[in-house]
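1. model this:
(one chain, ligands or ions: 1)
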Amino acid sequence: MGAILHTDVLLLLCLIGAASALYKQWIPDTNYENKTNWDKQAVPCSSDIAEFPAQRKVSVFVESMHGVQELRLPVDGEFILNSGAGFYVVSGQEPSCGAGVTAKFKDSESLQWFNPALWHAAVTSDDLQSGNFLFSVHEESVPCRYDDVVFRARSSFRMDTSSGQSTIPVKSVSVLGKTFESQSEFSQFLSSGSGRLQFHGSSAVTVGEPGCQDPSGCDCGNSANSHLICGTVTCGSPGCKRPLHPVGHCCQVCGAIVTIRYEAGFNLQNYRQRIHHLFLTQPKYKSIQLGMSKVFKAQRFAFIPFSASPEVQVVILDGEKGEQAESLAREVVTDARTQGSNMGITEAEFQASSGSGSDNTGSDAGMVVGIVFGVLITIALVAVVALLIRKGVVRLPSMPSLGRLKTNSIVGELGGPLDLGFDNPMFDKPTMLPDVPSLYGGDTISMTRTGVHFVNPVYDEHETDFNA
Ligand SMILES: *[C@@H]1O[C@H](CO)[C@@H](O)[C@H](O)[C@H]1NC(C)=O
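-> Residues are numbered from 1 along each chain as shown. As a prediction, the model looks like this:
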């Protein structure tokens, strides 16, 4: 009785805690019965020779009994036999099986953990079973640190976990039906025969990360590995007027991106469900792929990146042209603006690859302030430089070295505060900019200390895509 009560309490805690973690399932396997694992796209029959690559290590799950002419085994490997599974050698040929061939088992050595195409994502493990998968941007297709990683129960696999980091932390890992949540148990498994055959590579997968505790969602944490992730992705050329680049995605896409800003009370999982029930069940949106995630988008104020604020990015893709994606984006924004206050949504807008987007008064105002501020800074800069040139402190650079100006020369050669000799009232009245509390915090923009964050758009070709 006490134990049952205890489990209920735990379950409740889990439900609250698992605010928006997902299940990520590894797709490939090294199962004997999976015909895609054989070079002839067929499981060897009793007239065949089954050959495993001699120099490879492999762990192979065998579901049932197989007759073979011959079994050629690798140097290091294991068969995980289901009960009743095994091999028997057949002498002579069975008529049903033909003349017999040498069937080679495919090499799965190069399959990488960080390949987003090799994972399925789902909200629950039931959804994984029933094939109710979620679409995600590339970085989130690979397990995030608060996700549960699942290898199909009756299957074996081999994967390369190499990355730039020494560990790949996740919440839990399930292998062959056993779920590992404690690191000591899991590292024991990893050093076992199966563990070493199934995971190889420079990074160690570790378990025991807490799930995502924030109902509004958690940042996936895979951006540190984005080069690895995108290295496995081949992008097609988008066939639309203004392709979009979602945060965390490797490729430009045609479709629409809805941006949701929120306050306390917003629950990402509930919102995801709402969107699925309201819209994705409609026949006209059948071909839509919709991925929802919390992202930190660098905010620019007067073209200066000064902070990263969390927002919810809804990526909506639809085949080539993205027309349905755009009409869905409009519906989602309308829903968020009319019903959003009940859900903790404060703002919603969208951008579509056709070039259209929702008007948004709030961000327009921000834009105007931004532009005014940007112009003032530019004037201030020009004035300071002009003054210094007149005083002979700085010599006018020749044109080719203009590019150096933004990174080294200004701060390096002036060596002191930039506002010397120029009294810009904007700097003395931080209260004039109530929307930007951190602007004067000291470490977000530091014009005097470092030039790195002070990017003048006039000189920087990378910063000019702010309205793209
Ligand atoms: C066989 O392997 C492929 C690719 O590795 C996978 O997509 C498929 O689901 C597997 N088939 C079965 C029946 O498990």
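2. For the residue of the stretch 301-450 of the chain found nearest the ligand, name its beta-bridge partners.
-> The stretch 301-450 of the chain approaches the ligand most closely through residue 317 (21.5 Å), counting by C-beta to the nearest ligand atom. For glycine as for every other residue, the C-beta is placed from the backbone atoms N, C-alpha and C. Beta-bridge partners recorded for residue 317 (DSSP bridges): residue 255, residue 289.
3. Just to check, residue 236 is in contact with residue 252?
-> No - using C-beta atoms under 8 Å, residue 236 is not in contact with residue 252, being 9.3 Å away.
4. So for stretch 276-288, first residue to last residue, what's the gap.
-> 11 Å (C-alpha to C-alpha, to the nearest Å).
5. what's the answer for stretch 236-250, then?
-> 11 Å.
6. The most centrally placed residue in the chain: what's it in contact with?
-> With distances taken as C-alpha atoms, centre = their mean, residue 139 lies nearest the centre of the chain, 2.0 Å away. Shown in contact with residue 139 (C-beta atoms under 8 Å, 6 or more residues apart in numbering): 116, 220, 222-223, 225-226, 229, 248-249.
7. confidence score at the residue of the stretch 301-450 of the chain closest to the ligand?
-> We have a pLDDT of 94 for residue 317.
8. Equivalent analysis for the one 10 residues further on, please.
-> If you check residue 327, the pLDDT there is 93.
9. ok, back up a step: of the contacts of residue 139, grab the buried ones for PyMOL.
-> Typed into PyMOL, the line below selects the buried ones among the contacts of residue 139, using 16 or more other C-beta atoms under 10 Å:
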select buried, resi 116+220+222+225+226+229+248+249
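10. Quick check: the nearest residue to residue 124 once chain neighbours are set aside vs the ligand, distance?
-> Excluding its sequence neighbours, the residue lying closest to residue 124 (C-beta to C-beta, 6 or more residues apart in numbering) is residue 23, at 6.8 Å. Taking C-beta to the nearest ligand atom, to the nearest Å as the measure, residue 23 falls 16 Å from the ligand.
11. which sections of the stretch 1-150 of the chain are below the confidence cut-off?
-> The model of the stretch 1-150 of the chain has pLDDT under 70 over residues 1-20.
12. Return the distance of residue 205 relative to residue 186.
-> Distance, residue 205 to residue 186, using C-beta to C-beta, to the nearest Å: 8 Å.
13. Need the overlap of contacts for these two.
-> residue 173.
14. Next, give phi and psi for the closest residue to residue 246 other than its chain neighbours.
-> Leaving aside its sequence neighbours, residue 246 sits nearest to residue 315 (C-beta to C-beta, 6+ apart; 4.5 Å). When read as degrees, to the nearest 10, the backbone of residue 315 gives phi -90, psi 130.
15. what's the answer for residue 46, then?
-> The phi/psi pair for residue 46 (degrees, to the nearest 10) is phi -70, psi -10.
16. same question, residue 349
-> Dihedral angles for residue 349 - degrees, to the nearest 10 - are phi -150, psi 160.
17. how much space between it and residue 317?
-> Distance from residue 349 to residue 317, by C-beta to C-beta: 18 Å.
18. Report the secondary structure state of the residue lying farthest from the centre of the chain.
-> Farthest-out residue of the chain from its mean C-alpha position, per C-alpha atoms, centre = their mean: residue 92, at 53.2 Å. Following DSSP: H, G, I helix; E, B strand; the rest coil, residue 92 is assigned to coil.
19. No more questions from me, cheers.
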